[in-house]
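> Based on what follows, work out the 3D shape:
(chains A, B and C)
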Amino acid sequence: MEINKTVTCIICPKGCQIDVKVVDNEVVNIENYGCKRGIEYAKNEVLDPRRILTTTLKLQGGRVLPVKTKEPIPKKLLKKAMFELKDIVVAQPVKVGDVVAENVVGTGIDVIATGNAE
Amino acid sequence: MEDIVIIGAGVTGCSIARELSRYDINITLVEKEEDVACGTSKANSAVVHAGFDATPGTWKAKLNVAGNKLYPALCEELDVPFKMNGSLVVAVNEEEVNALDELLKKGKMNGVNPLRIIGKDELHALEPNLNPDARAALDAPTGGLVCPYELTIALAENANQNGVKFWLNAPVTDIEVMGDYCFLVKTPKGNIKTKYVINAAGLFADEISKMAGAEEYTITPRKGEYLIFDKQFGNMVKKAIFPTPTKISKGILVCPTVDGNIFIGPNSNDIEDKYDTSVNAAGIEEIITGGRKLVPNLPLKNVITSFAGLRAVSNTNDFIIEASKLVKGFINVGGIQSPGLTSAPAIALMVKDILQDAGLDLKKKKDFIPHRPKKYRFRELGSEERRKLIEQNSAFGHVICRCETVTEAEIIDAIRRPVGARSIDAVKRRTRAGMGRCQGGFCSPRVLEILTKELGADPLEITKKGPGSNMLVGRIKEFLQDEGGDQNDN
Amino acid sequence: MITKELVIIGGGPAGLAAAIEAKKHGAKDILLIERDSGLGGILQQCIHNGFGLHVFKEELTGPEYADRFIKELEEIGIEVLLDTMVIDLTEDKQIIAVSHKKGLLQIKADAVILTMGCRERTRGAINIPGYRPAGIFTAGTAQRFVNIEGYMPGKEIVILGSGDIGLIMARRFTLEGAKVKCVAEIMPYSNGLTRNIVQCLEDFDIPLLLSHTVTYIHGRNRVEGVTIAQVDDKLNPIPSTEKFISCDTLLLSVGLIPENELSKMADIQIDNVTGGPVVNQRMETSVPGIFACGNVVHVHDLVDFVTMESRLAGRGAVNYLKNKMPQQKFIKVSPGSDIRYVVPQLIDAENILDEKQNFFMRSTRPMEKARLFIESEDGLIRAKVLQHIKPSEMINIELKKEELANKDIKTLKFSLQEEGVDNGN
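The predicted structure is shown next:
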């Protein structure tokens, strides 16, 4: 299977539009990159784009607690992860770095607090 | 059974309510909006006119001059800021200079005093930012400034203290005439039986009059648009600066507000929709052009907001204030356009006379309270007074609106006062929270929280300005759906 | 009357960094005054990541970035007053503040650092015609409702302006299940960081309409929709391109304005372009002993630069406290062609705190490649080739002390000259 994608590079402000050609899950051609860092970035963006998910969770007896995934998770799982976190209520006290949800959408990646509450 | 139902809680209806609350009668005021002062009284030039502009002999002329004289004492009594800063009508060419003479004559006939024409040098010394072409001006020292919704709210609060019942969110859907001096006023909140109906329904006075089978007239909404500038330019002009007037309107003015801002406007366009308070690009252009004729260097980068108001213009082109000849007990107070704000206190006295003439027995109450509950304006106080206030009530130490220095105590008070605030905008009109340069960016979440607490409501129920204007639409994560599979897969 | 050696007004990223730095360099009696109930300022509602790449060499969320400074502040022991609002500041450094716990406080400081941050431009400032219903929010206000209060101010959203907070909120709303219909940007280029365009819009297929603006707001009670139109090269809407988009919310992300009401009370000179105080090489304002840093001086693109600038202000204040000699011999720094502003605006070259002096500036327009000229009245001091210049991203230039000192120069001008468009990739 052949896929052609154009990736906007975010490594520097230039924002190169890098064209990537993938055949059977392998990058076979990259064009229009400005530097080597762009190649690496574009490859990842096409084969396995990942993002840190940041959101808030309900806090017991309070407002909300800011949280993030400890590592980037596959981009396509962001909304699924949001749905999975929908009803979680975090108990207090909690501090920056505490794990508040484990193994989000089966990625093996935990969700940690980015704020404190007590 | 009520003695009187007043329809409409604008400055006219509330002035009448407050005046009649001196007497031993039962009064209910019904209003379709969620607060008082939500129509014409909310959005106008806020000028207490001297009275030189109205055609001699009209109700407008008589009541303007009479109302103007009542203002200082009324505002003092109700603790409403009022400034008699004076008005200037500026002429920029020979033709306009001649028109000033006419205006001076008219003013004298109306009984405006003092009133005089000043020359170029005196004019520019008074107002250094004026167009250098300005040649002369009519100087009317008795022109003043008031905050129209603050006055209306004060009148409503005081009327309420003195027993007038307020039904808000209560549009009149029908008026059944059950006989002479006997009406059933119908609203979704319930019906009220009453001997007299006073129609002070502003833009809708024609519809109310028709509902009761009283005299027919038409009210046309005449839109005026405005721009308000940041307070740091509050000194650009000291007096209300009018251009030489045309037949239709007093023209686009450059004018201070009693709160220390400057505004330009209004233009004047007849429209059809009585709810159309939208501001249009062409209108903004028009008032900028008009304003620049008087003050060329307007700080256009420092506009804090724009708004539009609708004047209630009757087909008689004068106020319609009379007992109906067709329906006994029905009193029209319609077509109250400019100078309606200035005239309101005099209109209230006139309505009282009409009621007495119609046979209503008005006995003075012994326990009439002339002042409304003490109102604190933290931003206007000195350090010692502020210190004492915070000692008495620590909520004065919690500043909620940074731009206008409004404290939590003032916001809570606005909610708890008679005819108290129930929405973000109602709090704003009572305290100025959200009226400054950030336009509520910082304080609206906090005001919402205080309203929630005070009213025992859910944040989702809090509105900007009544039903249908909710600030928030849900809790976080409430809209999330399990869409199955993978999403946002590019 | 309370007396303090140093008072810092504002406990956001600028105030925190300035306080810590001043303490580390020997200021003993420091008071930090914050109007909110916690420290960290606007960072607390910026729950997204992307902070700290310069300062910590790692990517943090806003609250995490704030947490590092708050912890350090607590460790080194700096007195903090929360829920306390400064309502008056005089030229001789007298402060009046109020709080519900402590009442009205009068404080006399030897030195003051202003770190009040900025506020958002509003609808009035850009004058959008139409009604004034509920559902019009600045992006930052919406961010507070969502990220701090836990409520959604809208479900179908149009965003005007491609400032970073607007872009961040586009993603935030989308992830929370709301629909962001488009982002309209009046300029022909985006005002946000490329990274945010990609990760907040492109990731979610949210259209970015360049050279578009909102020409009308519909809905009497709650927003029911907006009319958007393309604009011509003078930024005037083209009527034939108008179209209606239904939505219940309009978010405004149309710029930030330094919040200088207190500075004006103290008669501090304000730069008309930045909207913030004119400052010198140690971030001191026109009033000796009153310093300023962070977004109150000029709106920054990255918080990391706020931190760097605020550390300089913290040291500047200590430098002033140790030797109260007023600065006198100033080089006047000014923007030349295609530079909108330069901070600091004044340099006392002999008294630069380090061996280097940093200058922050912004271009007036995007350029692929340009040469930056730094000149005094005596001629060129340095030229530097810059690439991918955008008004939304600050330009950051360091000059060595010896390039400025002992030369008796009076003016310093920064200008950009665009170079031929680079065709090679």
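
> which bits of the stretch 301-425 of chain C sit near chain A?
Neighbours of chain A within the stretch 301-425 of chain C, by Cβ under 8 Å from any Cβ of the partner chain: C:387, C:388, C:390, C:393, C:425. All C-beta spots, glycine's among them, are computed from the backbone N, C-alpha and C.

> For the least confident helix or strand in chain A by mean pLDDT, which strands pair with it and how are they oriented?
Lowest on mean pLDDT, DSSP states H and E among the helices and strands of chain A sits strand A:2-8, with a mean of 89. Strand A:2-8 has its sheet partners listed here by DSSP bridges as strand A:17-23 (antiparallel).

> Flag every buried residue along the strand it pairs with.
Buried residues in strand A:17-23, defined by neighbour count with 16 or more other Cβ atoms under 10 Å in any protein chain shown: A:18, A:20, A:22.

> got JSON lines for those residues, with distance to residue C:402 too?
Converted to JSON lines, the buried residues of strand A:17-23 look like this (distance: Cβ to Cβ, whole Å):
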{"residue": "A:18", "distance to residue C:402": "42"}
{"residue": "A:20", "distance to residue C:402": "48"}
{"residue": "A:22", "distance to residue C:402": "53"}
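
> from what I can see residue A:5 touches residue A:44, true?
No. Residue A:5 lies out of contact with residue A:44 (Cβ atoms under 8 Å); the separation is 12.0 Å.

> roughly how far apart are residue B:394 and residue C:98?
Using Cβ to Cβ, to the nearest Å, one gets 10 Å for the distance from residue B:394 to residue C:98.

> More neighbours: those two, which one.
When residue B:394 and residue C:98 are compared on other Cβ atoms under 10 Å in any protein chain shown, the one with more neighbours turns out to be residue C:98, at 28 against 18.

> tell me the SS of the more buried one?
On the three-state scheme (DSSP: H, G, I helix; E, B strand; the rest coil), residue C:98 is labelled strand.

> which one of the residues of the stretch 301-425 of chain C next to chain A is nearest residue C:1?
Out of these, the one with the shortest distance to residue C:1 is residue C:393. That distance is 45.0 Å, counting by Cβ to Cβ.

> count of neighbours near the closest one?
Residues contacting residue C:393 under the criterion other Cβ under 10 Å number 17.

> Is it correct that it is in contact with residue C:191?
No. Between residue C:393 and residue C:191 there is no contact, the gap being 10.0 Å when judged by Cβ under 8 Å.

> so what sits against both of those two?
Any residue near both residue C:393 and residue C:191 by Cβ atoms under 8 Å, 6 or more residues apart in numbering or on different chains counts here, and not one turns up.

> Where does the prediction get shaky in the chain?
Since no chain was named, I'll use chain A. Applying pLDDT under 70 to the predicted model, chain A contains no residue that meets it.

> Sorry, I should have been clearer: chain B.
Judged by pLDDT under 70, chain B has its weakly predicted residues at B:248, B:484-490.

> how about the helices in it?
Assigned helices in chain B, in chain order: B:11-20, B:59-78, B:94-110, B:120-126, B:148-161, B:205-211, B:281-294, B:340-357, B:383-392, B:408-416, B:424-431, B:444-455 (criterion: DSSP state H).

> so what's residue C:11 up against?
For residue C:11, the residues meeting the contact criterion (Cβ under 8 Å, 6+ apart) are C:32, C:33, C:34, C:36, C:39, C:40, C:41, C:80, C:82, C:115.

> Can you tell me which residues in the stretch 201-350 of chain B are near chain C?
Of all the residues in the stretch 201-350 of chain B, those lying near chain C are B:227-228, B:232, B:275, B:277-281, B:283-284, B:301-307, going by Cβ under 8 Å from any Cβ.

> ditto for chain A
Taking Cβ under 8 Å from any Cβ as the test, the list of chain A residues beside chain C reads A:8, A:10, A:12-16, A:32-34, A:51-56, A:58, A:63-64, A:66, A:68, A:75, A:78-79, A:82, A:96, A:114-116.
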